[in-house]
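Asker: this one's sequence-less:
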Ligand SMILES: CC(=O)[C@@H](O)[C@H](O)COP(=O)(O)O
Ligand SMILES: NCC(=O)COP(=O)(O)O
């Protein structure tokens, strides 16, 4: 069965909209796990718009399920602009302090609204290699956020990744349109390439209750999906327990 990892970015976004600790990211993580989630994902960005470094430390101290921290490995330390909120220590420092089960490296710039592309390893592979080596020396599984490009996926193996996470935004955008099958086929071929070179396969971004079942049953050997944006809204509408059950039913 494909593992369901719940991304808590949007819970943190709601919390950060006031000077309060409610909703608690850690408590929400515990509720998701009690309802059946297999793992928790967070994406600390330098502006700490949602997930903060302190959230990562708290989650790392309590989670007994897979913890996946996503982010730009080249993101440098940044001063906090909020009273009472710790500075952002740099992405790699967060990983060194937390040693999560998995780290998903994402090529986001600080100003991006959201993640919207995978790595270009012809451009970034050389400077990623030592980072990947350090992560693996910490005992952290390394996943690279990738577009469904077989050439790039082969390079992901060469630079030492354990897995790739396919960026599923284009699939979600095409879902239900005339372009759906063509776009989905690119992801199927990418999954075949990952399997061929011995990379584990994760996927995420804009997956939801409408498009998840087809994706999961089309690609090969999907080990994990990380879902947050749509999940958060669905949970408001359906209730958390029913929502987790509905997403899990798409993954069986
Ligand atoms: C890498 C990815 O696609 C998402 O995991 C990312 O966390 C989305 O970030 P925002 O929640 O900041 O849009
Ligand atoms: N890696 C994808 C993720 O963690 C959540 O993406 P989304 O469901 O918030 O689009």
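Answerer: Cool, the structure landed. Note that the coordinates shown come from a computational prediction; the quantities given were computed from them, not determined experimentally. Residues are numbered from 1 along each chain as shown. Ligands and ions are numbered 1, 2, ... in the order given.
Asker: just to be sure, residue 96 is in a helix?
Answerer: Yes. Judged by DSSP: H, G, I helix; E, B strand; the rest coil, residue 96 forms part of a helix.
Asker: give the contact list for it.
Answerer: Residues counted as contacts of residue 96 (Cβ atoms under 8 Å, 6 or more residues apart in numbering) are residue 138. Backbone N, C-alpha and C define where each C-beta goes, glycine included.
Asker: pLDDT on stretch 52-63, on average?
Answerer: Per-residue pLDDT over stretch 52-63 has a mean of 98.
Asker: residue 55: neighbouring residues, count only.
Answerer: The local packing of residue 55 (other Cβ atoms under 10 Å) involves 23 other residues.
Asker: what does the stretch 1-150 of the chain put close to ligand 2?
Answerer: Within the stretch 1-150 of the chain, the positions adjacent to ligand 2 are 7, 41, 70 by Cβ under 6 Å from any ligand atom.
Asker: could you look up the SS state of the second one?
Answerer: Each residue gets one of three states, and residue 41 gets strand by three-state DSSP.
Asker: what sits against it?
Answerer: Neighbouring residues of residue 41 by Cβ under 8 Å, 6+ apart: 5-8, 68-70, 104, 204, 226, 228.
Asker: change it to 6 Å
Answerer: Residues in contact with residue 41 (Cβ atoms under 6 Å, 6 or more residues apart in numbering) are 5, 7, 68, 226.
Asker: could I get those as CSV with distance to ligand 1, neighbour count and pLDDT?
Answerer: Shown next, in CSV, are the contacts of residue 41 (distance: Cβ to the nearest ligand atom, whole Å; neighbours: other Cβ atoms under 10 Å; pLDDT from 0 to 100):
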residue, distance to ligand 1, neighbour count, pLDDT
5, 10, 27, 99
7, 5, 25, 99
68, 9, 26, 99
226, 6, 26, 99
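Asker: now the two most distant members of the residues you listed.
Answerer: Using Cβ to Cβ, those span at most 8.5 Å, a distance reached by 7 and 68.
Asker: of the residues of the stretch 1-150 of the chain next to ligand 2, closest to residue 167?
Answerer: Residue 167 has its nearest neighbour among those in residue 70, at 11.4 Å by Cβ to Cβ.
Asker: who's in contact with the closest one?
Answerer: With Cβ under 6 Å, 6+ apart, residue 70 has these contacts: 43, 104, 106.
Asker: recalculate using a threshold of 8 Å.
Answerer: Residue 70 sits next to 41-43, 103-106, 115, 145, 226 when contact means Cβ under 8 Å, 6+ apart.
Asker: rebuild the residues of the stretch 1-150 of the chain next to ligand 2 as TSV, extending it with distance to residue 122.
Answerer: Formatted as TSV, those follow (distance: Cβ to Cβ, whole Å):
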residue	distance to residue 122
7	29
41	27
70	22
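Asker: of those, just say which sits nearest to ligand 2.
Answerer: residue 7 (3.5 Å; Cβ to the nearest ligand atom).
Asker: could you measure that closest one against residue 107, distance?
Answerer: To residue 107, residue 7 is 18 Å away according to Cβ to Cβ, to the nearest Å.
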